[in-house]
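**Student:** Predicted model follows, preceded by the sequence.
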Amino acid sequence: MFVFGNIIVGIAKVLDVLLNIYMWVIIIRALISWVNPDPYNPIVQFLQRSTEPVLRPLRKLAPPYRLGIDLSPLIAILIIMFLQYALINTLYRIGSSMG
């Protein structure tokens, strides 16, 4: 049974790292957006392509034209933090209780 526990802990660790990386990608995109980046830069294009599928639906919750500021990156980071505390910690506990 401990093998399944180790697998669950491994999945939790990988998910935690992936969520951290994605959170930093969102932060970098938000910071770069303040300086009017070149839209043809490959790094800027990567940041937009990788974050837009998450940020676009969040913009419907808090449209930037009402407040004058785009809150979708902040909402996405809060969701990531929630997933890290709720989902990842739960997976760690399930995995450690099996081992």
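**Tutor:** Noted; the coordinates are in hand.

**Student:** give me the element Val35 is part of.
**Tutor:** For Val35, there is no enclosing helix or strand under DSSP states H and E.

**Student:** Can you give me the neighbour number for it?
**Tutor:** Other residues near Val35 number 7, with proximity taken as other CB atoms under 10 Å. No exception for glycine: its C-beta is placed from N, CA and C like everyone else's.

**Student:** and it, what pLDDT?
**Tutor:** Confidence at Val35, expressed as pLDDT, is 92.

**Student:** tell me the contacts of Pro73?
**Tutor:** Pro73 makes contact with Ile26, Ile27, Arg29, Ala30, Thr51, Leu55, according to CB atoms under 8 Å, 6 or more residues apart in numbering.

**Student:** just Ile32 next, same as before
**Tutor:** Residues in contact with Ile32, defined by CB under 8 Å, 6+ apart, are Val44, Leu47.

**Student:** the bottom helix or strand of this structure by mean pLDDT?
**Tutor:** Ranked by mean pLDDT, DSSP states H and E, the helix or strand of the chain with the weakest confidence is helix 64-67, at a mean of 73.

**Student:** would you put the C-alpha positions of that one in CSV?
**Tutor:** This file holds the C-alpha atoms of helix 64-67, laid out as CSV (Å, rounded to 0.1, in the frame of the first residue of the first chain):
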residue,chain,number,x,y,z
PRO,A,64,-10.6,45.7,-16.9
TYR,A,65,-12.7,48.5,-18.4
ARG,A,66,-14.7,49.0,-15.3
LEU,A,67,-11.8,49.4,-12.9
